[in-house]
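Trainee: Sequence and predicted model, in that order:
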Amino acid sequence: MNATSRESVSAVAPTWMQREERGSFFLLRLMSRLSMIVGRRLSRPVIYGIALYFLLAATAARRASRQYLERVLQRRATWLDMYRHILAFATTIHDRFFLLNGQSKLFDIEVHGTQWIAECHAARRGLLLFGAHLGSFEVLLDHGRQHQYNACIAMYPENARQLNRALAAINPQALAGIIALGQMDSMLTIHSQLADGGLVGVLADRASGPDHYLALPFLGTPARFPTGPFRLAVMLGHPVYFMTGLYLGGNRYRLHFEPLTPGGAVPRQEREAVMGAMVERYVALLERHCREAPYNWFNFFDFWEPAPCDTKAPWPPCWHGQSPCWRAWWSCCRRIS
């Protein structure tokens, strides 16, 4: 880890988990039904109105949007900038209805770096894909289905329960590729998926509970990134790739895969350094893609919020005692490390 990094541990739930989900199941179900009936092109105008409503009504999200945009654009964010930001988010949610319903032909999806994924798949070697709330993760699931990659996403579902219900109402199989974090068997399911040569996507920019954090420069100011996923990746020894599916406007997406670590056994005394280097590369790639497609950042809260505490975090951490799912995962790691 470089001299600008700083590690801390938080025993409280992160800010984003304390936010209530906006929108009602009825409206989401209505929008999803309308989209399936009239198609993407005819239902898209409704998205412009929805984005305008949230721009005006969601004060906290608007404030977070302005904060982020002024960092990434390096100028004062206008109302038009914030509208474009929220519209991009609303569009990816709208497109989720179609991507998870097997209608990928509606989209022009450009893919970069897939040769590494194909090599691991051919060797039946499981790998981890570390993404972020940047662009669309559903593009990955669609790509995995088309190439029979046995891909799934591990995510915390609580803050998108209404949306997931609406998606399941359209297509009961739509959420089959999602592993819900926060359950007793979540981490064992992930391990089984990797052992079978599958792909597991993780949104590594947020913690799903109490975790250790590494503060690294991000868009000009230190921000805290959870180290839990990276520590576990080092212990498991699977290859890890950065992944993002950027929305480019219209019906265009660009899917990127870039290596973070080749995997393999790491001696205990070297794990801290390997983990730190992986987080730093992850953050560097995240910043690069944010600048490349600035309206794709979908963390609508204060991402640069100061740490609630500042306790030094030892290796190995004791965060497995904070949550049943981490305890199960930790015991699994101990058996194979």
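Mentor: Cool, the structure landed. As the structure is a prediction and not an experimental result, all values here were calculated from the model. Numbers count the residues shown, from 1 in each chain.

Trainee: Got phi/psi on the spatially most central residue of the chain?
Mentor: Nearest residue to the geometric centre of the chain (CA atoms, centre = their mean): Leu203, 2.7 Å. In terms of degrees, to the nearest 10, the main-chain angles of Leu203 are phi -80, psi 100.

Trainee: wait, doesn't it sit right on Ser136?
Mentor: No: between Leu203 and Ser136 there is no contact under CB atoms under 8 Å: 11.8 Å. Any C-beta I mention is one placed from the backbone N, CA and C, and that applies to glycine too.

Trainee: Show me the shaky parts of the stretch 51-200 of the chain.
Mentor: For the stretch 51-200 of the chain, applying pLDDT under 70 flags the ranges 157-176.

Trainee: give me that answer again for 80
Mentor: Scanning the stretch 51-200 of the chain with the threshold set as pLDDT under 80 gives 155-184, 186.

Trainee: Helices of that one, residue ranges please.
Mentor: Ranges of helices within the stretch 51-200 of the chain are 59-73, 79-99, 114-122, 138-146, 161-170, 186-195, based on DSSP state H, counting those that start in this stretch.

Trainee: the inter-axis angle of the first one versus helix 79-99?
Mentor: On the basis of axes from the mean of the first three to the mean of the last three CA atoms, to 10 degrees, helix 59-73 is oriented at 100 degrees to helix 79-99.

Trainee: and helix 59-73, what does it pack onto?
Mentor: helix 79-99 (3 or more CB pairs under 8 Å, 6 or more residues apart in numbering; DSSP states H and E).

Trainee: what comes up buried for the helix it packs on?
Mentor: Across helix 79-99, burial judged by 16 or more other CB atoms under 10 Å covers 81-99.

Trainee: cool, and stretch 262-282?
Mentor: 263, 266, 271-272, 274-282.

Trainee: Mind listing the strands the helix or strand containing Pro217 pairs with, and their directions?
Mentor: Assigned by DSSP states H and E, Pro217 belongs to strand 211-218. Paired strands of strand 211-218, with direction, are strand 6-10 (antiparallel), strand 221-226 (antiparallel) (DSSP bridges).

Trainee: List the buried residues for that strand?
Mentor: 211-216, 218.

Trainee: Then stretch 50-68?
Mentor: Within stretch 50-68, the residues that qualify as buried are 50-51, 54-55, 61-62, 64-68, counting by 16+ other CB under 10 Å.

Trainee: And these, which two are furthest apart?
Mentor: Maximum pairwise distance among these (CB to CB): 22.1 Å, between Ile50 and Gln67.

Trainee: Mind telling me which of the strands paired with strand 211-218 the model trusts least?
Mentor: Lowest mean pLDDT of these: strand 6-10, a mean of 53.
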